[in-house]
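Novice: fold the following and give me the result.
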Amino acid sequence: QVQLVEFGGGLSQPGGSRRLSCAASGSTFGNYAKTWARQAPGKGLEWVSGISSDVRVTYYTGAAKGRFTISRDNAKNTVYLEMNSLKPEDTGLYYCAKHLTNSIASGMDSWGKGTLVTISS
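Specialist: A predicted model of the protein is given here:
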């Protein structure tokens, strides 16, 4: 079972930037697509961004497009989410997840415990 651990959460001001990291255990990290999702206080889980195993395909929700960038380093077993122009509505618990295959269209079977991002002045 792959274990995922998110890092990089904290308090940022509106307009600021923050980079989240998700480190995964296991030698097959590079074989699977990865996703970032978030849960705002009092709301449901929202998919933010996904990346295929070969980096050729990335996906962003409308709220993330143009502001967030997902990337991965398979040699380091790590996936990143670079967040810019942060808004208070970006506040939430950010999770990374592993997909069942190399495609972001597949389901997800492993989740981290999340890292809290708070955007406030």
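
Novice: what stretches of this protein score poorly on pLDDT?
Specialist: 27 (pLDDT under 70).

Novice: next one: the residue nearest to Asn102 when sequence neighbours are not counted from Val117, what distance?
Specialist: In this structure, Asn102 finds its nearest non-sequential neighbour in Ser53, 3.6 Å apart by Cβ to Cβ, 6 or more residues apart in numbering. For glycine as for every other residue, the C-beta is placed from the backbone atoms N, C-alpha and C. Ser53 sits 25 Å away from Val117, going by Cβ to Cβ, to the nearest Å.

Novice: if you count surrounding residues, which of those two has more?
Specialist: With neighbours defined as other Cβ atoms under 10 Å, Ser53 and Val117 compare such that Val117 has more, 23 against 20.

Novice: confirm the more buried one sits in a strand?
Specialist: Yes: when DSSP: H, G, I helix; E, B strand; the rest coil is applied, Val117 is found to be in a strand.

Novice: that one: what's it in contact with?
Specialist: Shown in contact with Val117 (Cβ atoms under 8 Å, 6 or more residues apart in numbering): 9-10, 12, 18, 20, 38, 83, 86, 90-94.

Novice: ok, back up a step: secondary structure class of the residue nearest to Asn102, three-state.
Specialist: Here Ser53 is recorded as coil under three-state DSSP.

Novice: so it makes contact with Thr28?
Specialist: No: counting by Cβ atoms under 8 Å, Ser53 stays clear of Thr28, with 9.7 Å between them.
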